[in-house]
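Peer 1: Build me a model:
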Amino acid sequence: MEKRDNILFSDTFDVKDLDKGGKRFDRVSRIDGRSQTHDMSLILDINSELYPLDAGDKFKLTLASSLSLGDSKEAAAAFGKGESNWRAYVNGDERSLADDYDYVMFGRVYRYDDASGSKVSAFVSFGGLLMCLEGDVRHLQNFVVGDTVYLLLRKI
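Peer 2: Residues are numbered from 1 along each chain as shown. Take a look at the predicted model:
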């Protein structure tokens, strides 16, 4: 896979636990995962009715600043002018990053915790479904509070 400047983070995760501490909502599961390459930990809420995962499953997680397959700076500029957004990809013929994934969410970085030194945590809200990705600062340095993020998942 070629390196794109709109990809903030990408790795394969193992589902270590599901709904640790009990299930709080009927259609939401909280995933506790561990990455295979970058030694990152993940806590992620997903709509389990739309995209069920079980303990032991493996999935690829990608976090991106846009769904564009082209130059993300051009896409960001067009998005700012109202010329392009996620609906253009869904309703149009243009291919996007989402075409290669099974589950996509759009959210915003609401917290970035770097109090532990080289280990940091990025927190993203996807309309109330939350994510905490924790690990080495090198892998999370492109996350900025207030920025929008696309989360893409694909089972492996």
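
Peer 1: hey, which helix or strand in the chain has the poorest pLDDT?
Peer 2: Least confident helix or strand, the chain: helix 72-80 with a mean of 48, by mean pLDDT, DSSP states H and E.

Peer 1: Dig out what the residue most central in space within the chain forms beta bridges with.
Peer 2: Central residue of the chain (C-alpha atoms, centre = their mean): Leu151, 2.7 Å from the mean position. Beta bridges link Leu151 to Leu63, Met105, judged by DSSP bridges.

Peer 1: Validate this expectation: Arg138 resides in a helix.
Peer 2: Yes - per DSSP: H, G, I helix; E, B strand; the rest coil, Arg138 lies within a helix segment.

Peer 1: confidence score at it?
Peer 2: On pLDDT, Arg138 comes in at 92.

Peer 1: ok, it to Gly117 distance?
Peer 2: From Arg138 across to Gly117, the span is 13 Å (C-beta to C-beta, to the nearest Å). C-beta coordinates here come from the backbone N, C-alpha and C atoms, glycine included.

Peer 1: where are the low-confidence patches of this structure?
Peer 2: 1-3, 70-93 (pLDDT under 70).

Peer 1: for it, what spans make up the strands?
Peer 2: 7-18, 28-35, 41-47, 58-64, 103-116, 119-126, 129-136, 148-155 (DSSP state E).

Peer 1: Which of the ones you listed sits closest to Asn142?
Peer 2: strand 7-18 (4.9 Å; C-beta to C-beta).

Peer 1: and the closest one, which residues are buried?
Peer 2: Using 16 or more other C-beta atoms under 10 Å as the test for burial, strand 7-18 gives Ile7, Leu8, Phe9, Ser10, Asp11, Phe13, Asp14, Val15, Leu18.

Peer 1: ok, and the closest non-adjacent residue to the first one?
Peer 2: Meaning Ile7. The shortest distance from Ile7 to any residue other than its chain neighbours is 5.3 Å, reached at Ala64 (C-beta to C-beta, 6 or more residues apart in numbering).

Peer 1: got the contact list for that neighbour?
Peer 2: Arg4, Asn6, Ile7, Leu8, Leu97, Val149, Tyr150, Leu152 (C-beta atoms under 8 Å, 6 or more residues apart in numbering).
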